[in-house]
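Asker: With the sequence up front, the predicted model follows.
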Amino acid sequence: MARIRFTNSAETDLLELWLAIAEENIVAADDSLDLIHATVSVLLEQPEMGRARPELADGLRSFPTRTPYIIFYLPDTDGLLVVRVLHHARDIDAEYFSQ
């Protein structure tokens, strides 16, 4: 059965985005996480929907959400590994994805 997994970096990204939004509006913070998780669930069913990002890491894909955040993920035989969840305004380079 396919499953969704999050790296420690992705979990930290989600916590930080929730904290930043919750400073102003806790309901909006919760709604943002709900939208991101809903998008990840769709990606689990259709992992090729995202844009290939070979300039950042081998096999990496990205997909925008209805929030200002982009999901970066790796489809694999177990399902989907969410690597990072980053704000769209960041200058993103391969350093964000090195281990």
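Answerer: Structure's in. What do you need? Numbers count the residues shown, from 1 in each chain.
Asker: which other residues reach stretch 59-78?
Answerer: The contact list for stretch 59-78 (Cβ atoms under 8 Å, 6 or more residues apart in numbering) reads 2-3, 5, 17, 32, 35-36, 39-40, 43, 47-54, 56-57, 80-89, 96-97. All C-beta spots, glycine's among them, are computed from the backbone N, C-alpha and C.
Asker: Just say helix, strand or coil for the residue most central in space within the chain.
Answerer: Most central in the chain under Cα atoms, centre = their mean is residue 71, positioned 2.6 Å from the mean C-alpha point. Put simply, residue 71 is strand when judged by DSSP: H, G, I helix; E, B strand; the rest coil.
Asker: Same question for residue 17.
Answerer: When states are read from three-state DSSP, the local structure at residue 17 comes out as helix.
Asker: and what of the one 4 residues further on?
Answerer: Of the three states, residue 21 takes helix according to three-state DSSP.
Asker: Quick check, it in contact with residue 32.
Answerer: Yes: counting by Cβ atoms under 8 Å, residue 21 touches residue 32, with 5.7 Å between them.
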